[in-house]
Structures are given as C-alpha cells and as structure tokens.
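**Q** sequence and predicted structure below; questions after.
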Amino acid sequence: MANAAGCGPSSSFASSPVHLPGGTSCDCLPASAGSYELHALSGKARNIATSETRSDDAVDSSAHRSENLPRSGEKAMSRVPLLVRSSPAQGTGSYGGLPILSSSPDDSDEHHVIKNSHKRKGKSRLANSEPSLLLHHGHDDPTSSESIITGATRSRRRTRDAGRSRTTLDVASGGPEECRFEARFNASGLDPSTAGAPLFDSSPSSSSTLDEDEASDESDLHDMKGNPADNSPYAQVRASVAATDDISLSIDTPRMWFLSILFSIAGSSTNLFFSLRYPSVSLTPIIALLLVHPLGLFWDQIFKRHDDPEETFVDGCVQNASSPSQLSPAKVSWKRRLRLWLAQGRWNEKEHCCVYVSSNVSFGFAFATDVIVEQVKFYRQDLGILYQILLILSTQILGYSLAGITRRYLVRPSGMIWPSTLVSTAMFTALHKDENKPADGWTIAPRKFFVRIFLGSVTFYFLPGLLFPALSYFSVITWFAPKSVIVANLFGISSGLGLFPVTFDWAQIAYIGSPLITPFWAAMNILGGLVGVMWIAAPIMYYKNVLYSSYMPILSSAVWDNRGKPYDVSKILTENFLFDEEAYKQYSRVYLPITYVLSYALQFAGLTALLSHTGVWYGKDIWRQWRRSWVEIRKEAASDYEPLVNTSEGNGRPASPAMLRHRPSTTSEPELGDFLSAEDVHNRLMRRYDDVPITWYVLTGVSMAAVGMFVVEYYPVYLPWYGLLLALGIGAVLFIPIGIVMAITNQQSSIYLICQLICGVVFPGRPVANMVFTTFGYISATQGLKFASDLKLGHYMKIPPRILFKLQLSVTIISSLTQIGVLNWMLNFIPGICTPQAINGFNCPIARVHFNGSILWGVVGPGKFFGPGALYQHLVWAFPVGAIAPVIVWYMARGSRKSILSKVNFAVVFGSLSWIPPATGLNFSVWAIVCYLFNYEVRNRRNAWWKKYNMMLSAALDSGLAFGVVVIFFGIVYPGWMSGFTWWGTEVYKQGCDWQACPYKEVPKGETFGPPSW
C-alpha cells in the first residue's frame, strides 16, 4: 500500500560528494535530513538584498539589470480582474468560493516592488551554517539528479516547529508586511518572507516587504526574463509559492487521513443537506482550510510526547521511528504502539494542503443527487439504491481521467498558472506562521476573532431561523398592503423583485455567495445587471403582458400552464416517461414567468459573452501562453538543475551572498525566452516523486465509462450507450480549451446549456435521458477541471502525485456514498420535502429549477421553445448580443486595460443573474450593499483591518450559519418541539400576495391564455 501511494523506500543521497569549484569537495547529508530548496534572485534583487557582493557579482548584476529593463511595445500579461463563479447547475451557489483579490486593472505587477528594509548587522543564518550542496550527474537513480541545498540551522525546517507553534492567522488575507494577501498575489519580485525562502538573513529586520504605493519606476522586476532557473517566470506565482521543497515533512499520516475523511463527510453531507433548502448556505473549502488548522495542532498536543522516538520522513512517508532508548517492540504495550502510530509526524503545510484538497473535491454536492431528486420526487421514478450509487460514482470519478490524461497540458506547464490556487498557497504560509500584528488598532488574534464571530452567528441565527422568521423575510412594506399585487411584485421577497433591500438573515445575504470575498468591481457589474434587467426591464415587460407573463407571478421557480397553474408534466408523458405530443397539445404549452424568460436570455448571452470578453481582452495573452505551454510540452525535459557555487571561506560563510545565479539571457522576449526549453523550478522539484502512470487514469476512465454504460442500458433512463459516449465526447473535446482559459484567466466556460441543447435535438422527448446526458457531459468536465486545479495546487505545494491520487479518489468515493445516504434519509424522513409545504424551507429550489429545465429541453424540446414560430423564438438573439457587447466596450476603451470601461465585464453581468430564480432580487441587492460596505468602504478606510480580518469574518459567518441551521433543525424543529409555536413574528410575512405568489392578471374560470393556434 505504501508503494502504491508513492511511499516506498527513497534513494539515498548520502554517498554523493559535492565537487566545488577549485577542486574542493564535501560530503553531503542524506536527503531525509534536510529540506529541498532552490533559490535565485535577479541581479537587481541581489543588489537590493545585500551590499556585500564581490566584484564579480557587479558584472553579473549589471548584465541582469539590462535584461530586466522594460522594452517599448511589450505587454505584460493582462491583469484585468476576473471572477470565478460556481455554476448554478452545480448548486454550490457561491460567488467568491475562490477569493479573487485584484480589485481593478490598475493593481498590476508594476505597482508592487520589493522595498529594501533595514539590514541587520551581523552574520546571517546561512553564514552560520555549513552548506551541504549536492551536484550529481548520474542517471541511474531517478531522484539522483535533484539538487539539494541544506544547512544545519535552516529556518524552514518545519517538521517539529510547525507542531509546537501556537499559530495564529495573522492577516490571512493580508497584513502590513509579510502576510499581505494582495501583495502575495500581485507582487512583482520574489519576496523571501512570503515565499518562505530567506536567502541571506531571515530575521524580521531584514525581511522584504511589498510597497503598494510605489508604482512603476521599478517595473523591471515585473517578470524574470531569460532563464529563471530557480523560480517561476510569473510574478504572482513567485509571490505566493515557495521555490523550495522540504522533503522531510510528513504527509501520509493517520492524522491527515482522519481529518481528510472527517471533513469530506461533514462538508459533503452538510452542503447536500442545505442544497434542498431555501434560504440556503454553501460551505466552501476555504472554511475547511481555516477550521482544520487548529484541529491539526490539537491532534499533536493530544498524541505527541517529548520522549517519542525520532522519525524520518522521505517523500511524505515515514521511514523509521526508532531510538536507542526505546524498548523492544515486544515490551511496548498496544496502547503505546497505537498512540505512536497516531502521532506520526507533525502537523504542517503539506498535510494541511491534502486536507484542503480532499475538501475541495468533496464539498460541492454531486449533481447526480439532483437527478435522483427529480426522478424520485417529480417524475415518480425510483430506480433503487444501486442505481443511485453507480450513477453518482461514475459521474464523479470520470473527471479524474480527463484531468490526469491532460496534466501535461493543464498542470505541468508553468504558463498554466491556475490563479485560484495561489490564494490557498498564500494562506498555508500565513497559517503556519506565529504572528499577530496590530491592524488599525485591533490586536485580537484572528483565531479568537473567528471563534467569537462564529459563536455570535450561531446564537443570533435562533432569531431569524426559529423565533422570529419575519426578520429573514423582512418585506415590511408588503405587511402594510398584504393584498396589493403591485406592492408584492415590487417589494416582495418570496415572489417579488426585492426593491426594499433589508434582511437580518445571513442566509439571505449570502445565498449567492459570501459578499465579503467578492471583489467590489464584480459586485457593481452584477448590481448594474440587476437594476437594468430585473428592476427595470422585467416590470415593464410584466405589466405590458409580454409573452403572457401577467398571468403568472413576476418571479417563480415553477413553470406554468395556460390556466395559470403550475405545469403538471405527468399529463404529457407516457408510462415509459417519453413525450406524448397529442397529450401535450390537448393540455397546454409550457409558459415561463418573465424573470425566468430573462434568466434564460442572460444565460444565452453570458455563454457567448464569456468567450467574446476573454477573446478581446485576453486573446493575445492566451495565445502567447498557449505557445509557451506548447513549447514546454514538446521540448524534452531540461537538464538537471545545477547551480553555480562559489568557494567558501574558512569560516564556512560563502564568499558571495549570490550563491545561486541565472545564466545570461540571449533573448528579449520574456514569454518565449530561454526558459521555454526548460521546466521551471516546480517541475524540477516534482520530478523527485514517482508520477502517477497514465494507465491509472485511463483505466479509471474506462471502468467508470463501462459503469455508465451499464446504468443507461440496464435502467429505464432511455439514453442509448452511444448517447453516453456522445456526452463524454463533448466534455472531452472541450476540456482542454476550457481548462486553458480557466488556468490563465480564472473564468470557466460552462457547457451545461450545450449539453442540454444537443441532447434535446438528438434525443427529443426524453426528459430523464436529457438529465443523465447532461450529468455525464457537464459534470464530468466540471469535476475534471476541479481535479486539475487540485493537481496544480499539489504541484505548487510539492505533494507526491501518488499520494494525491489515492487521496482524491478515496474521499470522492467516501463523500459520494455519504451523500447518497443523507439524500435517502432526507427524502424518506423530512415531511413534505420538495413541496411548498415542506418544513423549515426544504422545498428543493435548485432541483425544481433543473426539473423545469428537463421539461424545456427534454420533454418539449428546444425546437418547440426556440425554433421558428415558437413563443420564445426571439431569445436566441441573446447569443449574438452576448458576443457583440464585450467587443463594443473593448472598442470604446480602445483596448486599454487602464480604462474604466475595462471594469465592465458582460460575462459577469449576464452570467450572475442566471441565479434568478431561485434567487430573488433581495438576495442580490443586500449582497451588493454588504460587499460595498466591506470591500470598498472598509477596504479603503481601514485597509489593514480588512486584510487581516475580512476573510475570517466571512468564514465565521458562513460556518456559524451552517452550524446554527443544523442545531435548530435536528435539535428543535425535527423532533417537533416547536410544532405549535406561532405568533405575529412567525406569520406576518405569510399573509399577503408576496408569499402566495399572486399574478397581476387572473385567468377567468374555465378559460385559458396563450396563442390561439399551435
């Protein structure tokens, strides 16, 4: 098992001597005894770092200074900020699940430079250490080509220190000096304090800081040019990811596995539980990243003892745990052996990363569970537990094969940055530091701040969540005119536009994602779309009865028939769940509320706007980086890393601090320079570990595809086996292009609508087949992108690939089975679930929306909705509108990324409002207000506080709400303790037209509305 996970015996480095210039040599420490580190600075950065260079360094630094001078006409990679949004089809409901920290195009790399701090007088740590350098040219051992620089007193040997430190997250999202989140993401030079790599003096007095006020006079540090032999060529990567690897850290330990499984079970079950409720909350992996850290430290305090035997870890796996003072195994009690087994290693950033990865792949509820809900509750088709297990496992795991087979394109090239992972790497660094610096007068430790907000959030939620629910549905204007349809339409919360944006329920505020971690520019884009489309266009069209919308509520998740009643899909289906056209004509067309119509139009426009916006603003960058990645893929691996080493003085101090140098560059193109023929430092560091054979991924994909074929052929879903292959083919063909765009720009192009459209055309009249087709095509690709992102995070954090493969696969299976168990319990034991009468809001809003989609695309078909002569045929014009709109804005801005118009992102404007329904105008308006207060006012007026506490506040409110909902439901509501509890505060918001979803026009009894002929 250890060998399968990449935890077999590691090759020794002990016998390899180091041949230094001048004929000297030295013996090297074993690999397991030291950290695996590579450091390099450009010539200018070396001059900043120290003034003790030798005369020959002056020549080297001047050469590099000339290389780093900017050239006219050369453009750096675009820094126009973009937003990652989880698709509503996934049901995660989170904007900012991945915090994006750039707030404007002006926050570019040129605006951040390394500032020289006070130089401590005296010897540095490297000066007091005895360098042990390995330069080995053999090829027999796959790991023998690695270069190691170790010291007896390295500052980053965290194997023991990480566990002992009482870590506080100082400035998890930034801080005055070393822990600035934004500085880490946009820094233009290698900051040793943030990268965890002090080159010359690691004392606080000599640590580099990032000065955000100095603009572009040091833009020559924007990107490394030539051959960045010891780091990434990208500034944002250099600022967030250390160019080192401590191979002595523990990874594959019982602690890591226990915490990974614990969080995968807790997160997946909790998010599935909330996905069937409105208002809901979504736990993001960032919460797991913050919560697991104190648990890891607490684990060490419980199980570690001062007299425990010494442990040696190589490649994350324990090699031995012996000590001369220990008794023989026969005399050691089983309790002590169990404790020593549980106490392996020390909690560190690599174990922390593994737990975060396990949370990332398991927290989002499986889309297949929505298909099961729709089949069981809406189509009345219960196919049994085995069908459910096979469907969810095959759809969840197929993405692994796509991510693994394409890792040479999407993971290994340094041009595939995956910016979302850089936030996590910066947080790992911040969490594993023992610091607590004041922020605008606030000195409370971030962990204490988190605990207090968490407890306050849990306590307060008893008011809107149980005792006074009118605080959640605070449509106070409708309370004074409960029977007024117009007042309910405009100011209502349940079925209105929410023009009175007041609520006291964080579940309502954060329904579309936490506003605290959404950039202000994105919130303004979304608010502009809300005002223009939902608050202006929708009422005008509604009251003019456009598309017969006045006979339906202005906002609803349901679809309607021509009598103004919710559409009964069972009337147009045969016993085999196929479309009956004659019954359809005898019953009714399908009619959509006006906000539903606009939502579909926005989704159409958002799909083409994403491609168009990315093309005009980022096309050159994508093409340039694609060429760069293609060169890296085609070139053979560069020769092993071989730093130049200067002769040492007698005291063991290097004669020159510039121990590691770049080779001079012969090109002026930073994106296509010498380093294109070589891997960056992270690739070379990862070559130490055994890679996952591609056959593992191929076998995984083939086996899951076979399971999928069994599901569609054996069970009555009416999707032929070649339909399944078509769905998988769509996801596979578009996987690399979508992955490249996401890896570079942080935007994901959804293929959800494409899958629905193609299946509706190829297999018309088959609603269940449409759902299953979309699940295999869309979710397999989406899961694959998530796995590819995690592979890149493991790449940055130097996690052995085989351990990561085993971990991802294991927690995916565990979380999938957990969700099946929780789902079946909910469907069987929650009274009235997925109906308007469900207790505590469990009316399945997301499943209802997907069910309506299956009617539109699967039962009726796209031709009858959007084809020639159809009622909604004009919606197809949204496709060209979405494609043209970004081009017009780009032209008006003259392509300048510093223009205010560059902040207008129609992909965000159109794509975000697709949440309506089930979200309402209130969810967007109060969300935007909170975002403005914290991400504009507080950020500009109290920047230090914002950087230190803002992300902690978001995590505390989200997790406190989730915990409060669970406590109230399972502890009070479900046992029936509050069944007879009613008063004015529990009933007032239910009395009027807002709650009852009254239409503006009533259909006369016995009559219908709609076109007179088919």
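**A** That came through, no problem.
**Q** show me where the chain has its strands.
**A** Remark: strands assigned in the chain by DSSP state E are 18-19, 25-26, 36-37, 113-115, 132-133, 149-150, 209-211, 244-245, 312-314, 317-320.
**Q** helices or strands up against the last one?
**A** Helices and strands touching strand 317-320, as assessed by 3 or more C-beta pairs under 8 Å, 6 or more residues apart in numbering; DSSP states H and E, comprise strand 312-314. In this view, the C-beta of every residue, glycine as well, is placed from N, C-alpha and C.
**Q** can you list the strands that the strand it packs on pairs with?
**A** strand 317-320 (antiparallel) (DSSP bridges).
**Q** residues of the partner strand that come out buried?
**A** If you call a residue buried by 16 or more other C-beta atoms under 10 Å, then strand 317-320 has these buried ones: 317-318.
**Q** again, but for stretch 994-1004
**A** In terms of neighbour count (16+ other C-beta under 10 Å), stretch 994-1004 has its buried residues at 994-995, 997-1000, 1003.
**Q** tabulate the residues you listed (JSON lines), appending distance to residue 949.
**A** Below are the buried residues of stretch 994-1004 laid out as JSON lines (distance: C-beta to C-beta, whole Å):
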{"residue": "994", "distance to residue 949": "36"}
{"residue": "995", "distance to residue 949": "37"}
{"residue": "997", "distance to residue 949": "40"}
{"residue": "998", "distance to residue 949": "44"}
{"residue": "999", "distance to residue 949": "46"}
{"residue": "1000", "distance to residue 949": "46"}
{"residue": "1003", "distance to residue 949": "54"}
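**Q** nearest to residue 589, of those?
**A** residue 1003 (13.9 Å; C-beta to C-beta).
**Q** and the closest residue to the closest one other than its chain neighbours, how close does it get to residue 807?
**A** Setting aside the residues directly before and after it, residue 1003 is nearest to residue 564 in space (C-beta to C-beta, 6 or more residues apart in numbering), at 4.2 Å. Separation of residue 564 from residue 807 (C-beta to C-beta, to the nearest Å): 53 Å.
**Q** the longest helix anywhere in the chain - what's its average pLDDT?
**A** As assigned by DSSP state H, the longest helix anywhere in the chain is helix 594-634. Helix 594-634 comes out with an average pLDDT of 77.
**Q** again, but for stretch 476-484
**A** Computed over stretch 476-484, the average pLDDT equals 91.
**Q** ends of that stretch, how far apart?
**A** 13 Å (C-alpha to C-alpha, to the nearest Å).
**Q** same question, stretch 360-370
**A** End-to-end distance (C-alpha to C-alpha), stretch 360-370: 19 Å.
**Q** one step back: tell me what the longest helix of the chain is packed against?
**A** Helices and strands touching helix 594-634, as assessed by 3+ C-beta pairs under 8 Å, 6+ apart, comprise helix 407-410, helix 538-543, helix 721-745, helix 752-762, helix 878-892, helix 906-912.
**Q** which parts of the third one are buried?
**A** Right, the one you point to is helix 721-745. For helix 721-745, by 16+ other C-beta under 10 Å, it's 723-724, 726-728, 730-732, 735, 738-745.
**Q** before we move on, back to that, any chance of the buried residues of stretch 994-1004 in TSV, with pLDDT and distance to residue 946 too?
**A** TSV is the format used below for the buried residues of stretch 994-1004 (pLDDT from 0 to 100; distance: C-beta to C-beta, whole Å):
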residue	pLDDT	distance to residue 946
994	90	36
995	90	38
997	89	40
998	91	43
999	93	45
1000	93	44
1003	91	53
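**Q** nearest to residue 987, of these?
**A** Of these, the one sitting nearest to residue 987 (C-beta to C-beta) turns out to be residue 995, at 9.9 Å.
**Q** what residues are up against the closest one?
**A** Contact analysis of residue 995 by C-beta atoms under 8 Å, 6 or more residues apart in numbering lists 473, 494-495, 989.
**Q** report pLDDT for residue 503.
**A** 93.
**Q** ok, and the closest non-adjacent residue to it?
**A** Using C-beta to C-beta, 6+ apart and skipping residues adjacent in sequence, the residue nearest residue 503 is residue 474, 5.0 Å away.
**Q** just to check, the one you found is in contact with residue 509?
**A** No - contact between residue 474 and residue 509 fails when scored by C-beta atoms under 8 Å: they sit 11.4 Å apart.
**Q** for the residue nearest to residue 1003, give me the pLDDT.
**A** At residue 564, pLDDT is 91.
**Q** ok, it to residue 583 distance?
**A** Using C-beta to C-beta, one obtains 20 Å as the distance from residue 564 to residue 583.
**Q** kindly report the same for residue 778.
**A** 30 Å.
**Q** then residue 487?
**A** 39 Å.
**Q** now do residue 378
**A** In this view, residue 378 and residue 583 are 17 Å apart by C-beta to C-beta.
**Q** do residue 356 as well
**A** 51 Å.
**Q** neighbour-wise, which of the two wins?
**A** residue 356 (24 against 13; other C-beta atoms under 10 Å).
**Q** tell me the contacts of residue 254?
**A** 341-342, 344.
**Q** at 10 Å what do you get?
**A** By C-beta atoms under 10 Å, 6 or more residues apart in numbering, the contact set of residue 254 is 299, 303, 338, 341-345.
**Q** okay, and which of the residues you listed map to helices?
**A** Checking the contacts of residue 254 against DSSP H, those in helices are 299, 303, 338, 341-342.
**Q** now the contacts of residue 254: which count as buried?
**A** Of the contacts of residue 254, these count as buried by 16+ other C-beta under 10 Å: 299, 303, 343-345.
**Q** between these, which sits nearest residue 1014?
**A** Using C-beta to C-beta, the buried ones among the contacts of residue 254 come closest to residue 1014 at residue 299, 67.3 Å.
**Q** just to revisit the earlier point, tell me which two of the ones in helices among the contacts of residue 254 sit farthest apart.
**A** In terms of C-beta to C-beta, the ones in helices among the contacts of residue 254 reach their longest pairwise distance at 299 and 338, which sit 14.0 Å apart.
**Q** got the phi/psi numbers for the closest residue to residue 344 other than its chain neighbours?
**A** Spatial nearest neighbour of residue 344, chain neighbours left out: residue 253 (4.4 Å); criterion: C-beta to C-beta, 6+ apart. As for residue 253, its main-chain torsions (degrees, to the nearest 10) stand at phi -120, psi 160.
**Q** please report how far residue 253 lies from residue 259.
**A** Distance from residue 253 to residue 259, by C-beta to C-beta: 10 Å.
**Q** what's the overlap in contacts for the two?
**A** With C-beta under 10 Å, 6+ apart, residue 253 and residue 259 have common neighbours 299, 347, 351, 354.
**Q** derive a ChimeraX selection command for the buried subset of these.
**A** Per 16+ other C-beta under 10 Å, the buried members of those correspond to this ChimeraX selection:
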select :299,347,351,354
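**Q** tell me the pLDDT at residue 389?
**A** Residue 389 is given a pLDDT of 96.
**Q** just to check, it is in contact with residue 816?
**A** Yes - with contacts counted by C-beta atoms under 10 Å, residue 389 reaches residue 816, the gap being 7.7 Å.
**Q** which neighbours do these two have in common?
**A** With C-beta under 10 Å, 6+ apart, residue 389 and residue 816 have common neighbours residue 368.
**Q** who's more crowded, these two?
**A** Using other C-beta under 10 Å, the more surrounded residue of residue 389 and residue 816 is residue 816, with 25 against 17.
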